[in-house]
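1. when you get a sec, could you give me coordinates for this:
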Amino acid sequence: MISRALPSAGSPEATISPERAELRKAAEGFEAIMLRRMLETARAASFTEDTPLTGGGLRQFEKMRDEHFAEIAAASGSFGLARSIEAQLARYIEEKGDS
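-> Numbering: from 1, shown residues only. So this is what the prediction gives:
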């Protein structure tokens, strides 16, 4: 998993509830899955032949690189999907806490 610096005491992230933090983690995980699938689909359109330089080793490396990229992009909010999901679902956490 991607490690991030801890939020500063005055930042909004420092005061989120455990439920909201769990929701954020789940939303980022979902975004990472979606990005991995997008990259996997894009790579499936390759027209190269399998050679010693483009065979299984390279595909394994590309898969690991794509997984790492997807996790970094999801954690950083580059695509915004995780933040959007979090914002939509956070309303239900807040409503539950208000009752």
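
2. can you tell me which helix in the chain is longest?
-> helix 18-44 (DSSP state H).

3. in three-state terms, label residue 70 for me.
-> helix (DSSP: H, G, I helix; E, B strand; the rest coil).

4. confirm for me that it is in contact with residue 40.
-> No: distance between residue 70 and residue 40: 9.7 Å, which falls outside the contact criterion (Cβ atoms under 8 Å). Just so you know, the C-beta spots here come from the backbone N, C-alpha and C atoms, and that holds for glycine as well.

5. of those two, who's got more company?
-> For residue 70 versus residue 40, the count of surrounding residues by other Cβ atoms under 10 Å is larger for residue 70: 23 against 14.

6. what residue ranges in the protein score low on pLDDT?
-> Counting by pLDDT under 70, the chain contains low-confidence residues at 1-14, 46-53, 95-99.

7. do that again at 50, thanks
-> Counting by pLDDT under 50, the chain shows low-confidence ranges at 1-11.

8. picking that back up, the longest helix of the chain - contacts with which helices or strands?
-> Counting contacts by 3 or more Cβ pairs under 8 Å, 6 or more residues apart in numbering; DSSP states H and E, helix 18-44 is packed against helix 56-76, helix 81-98.
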